[in-house]
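**Q** My questions are about this predicted structure, shown below with the sequence.
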Amino acid sequence: MNYLRQNAERLVITYVMDVKPDLIQQLNLKEWFFDKESKALAWAILALYRRNPDMIEMDPVEKLDAVLNNIDWNRTRATEEDIREYVKINMVDDETMDQVIKYFKFIGMMFELYYKRDDMTEKEVAAIRACADRVKRGEVNQKVIDIVLKLYDKHVGDKFYNKQMKQDIMIEKQQQNKQKWL
């Protein structure tokens, strides 16, 4: 499990590039990626996906070359060799990959909230710190996930540029309202 946590960014990038390119629109590229290679690749994949939504059907070598052509080399210190080495990772099965993606999104949201803690109440900051302590101990349960999601929705959700995530949140709110009416 430690291997999956340490390589979550690499796994997510490779999965997006090779299996599910539309997932790139559900990730906050500005805040959730920390590796210089990941950031460069994520932006390049997004640019390629916007121009060519059928990129999944491209030949893998051709796709990697197209992604490399979209990288803004002025914004990263990574070399082409670094990037090619970065995407060479053994993929895991689909069920495990779903867990890696959930973990990646959860950690990304938590870090983003932590960076925006100046806009939160003391109680909310304490809740984020308590969640972070549980993550460090490996004791993440549904309650911790719900706290992070609720705070993320409250403080970042409306400002997040991701259209798909906004639509998902709106649908969920509509379903909740529908349940109240019933």
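**A** Perfect, I can see it now. Numbering: from 1, shown residues only.

**Q** Just to check, Asp82 is in contact with Glu37?
**A** Yes: shown here, Asp82 and Glu37 form a contact pair, counting by Cβ atoms under 8 Å, at 5.9 Å. The C-beta positions use only the backbone N, C-alpha and C, and glycine is treated the same way.

**Q** Of these two, give the one with the bigger neighbour count.
**A** Taking other Cβ atoms under 10 Å, Asp82 and Glu37 do not tie; Glu37 has more neighbours (22 against 13).

**Q** now that one, nearest residue through space, not along the chain?
**A** Spatial nearest neighbour of Glu37, excluding adjacent residues (Cβ to Cβ, 6 or more residues apart in numbering): Tyr86 at 4.3 Å.

**Q** show me where this structure has helices.
**A** Using DSSP state H, the helices found in the chain span residues 2-6, 8-18, 36-51, 60-70, 80-86, 94-115, 122-137, 142-152, 163-181.

**Q** residues of the shortest one that come out buried?
**A** For helix 2-6, burial by neighbour count (16 or more other Cβ atoms under 10 Å) applies to no residue.

**Q** hang on, the earlier thing: wait, which of the helices of the chain is closest to Gln26?
**A** helix 163-181 (5.2 Å; Cβ to Cβ).

**Q** Under the pLDDT cut-off, which ranges of the protein? List them.
**A** 1, 158-169, 182 (pLDDT under 70).

**Q** Mark out where each domain of it begins and ends.
**A** Domain assignment for the chain by automatic domain parsing gives 2-86, 94-165.

**Q** coming back round to it: do I have it right that the residue nearest to Glu37 meets Lys39?
**A** No: using Cβ under 8 Å, Tyr86 is not in contact with Lys39, being 11.2 Å away.

**Q** What's the separation between the residue most central in space within the chain and Asn90?
**A** Geometric centre of the chain, nearest residue: Leu27, 3.9 Å, by Cα atoms, centre = their mean. Distance from Leu27 to Asn90, counting by Cβ to Cβ, to the nearest Å: 22 Å.
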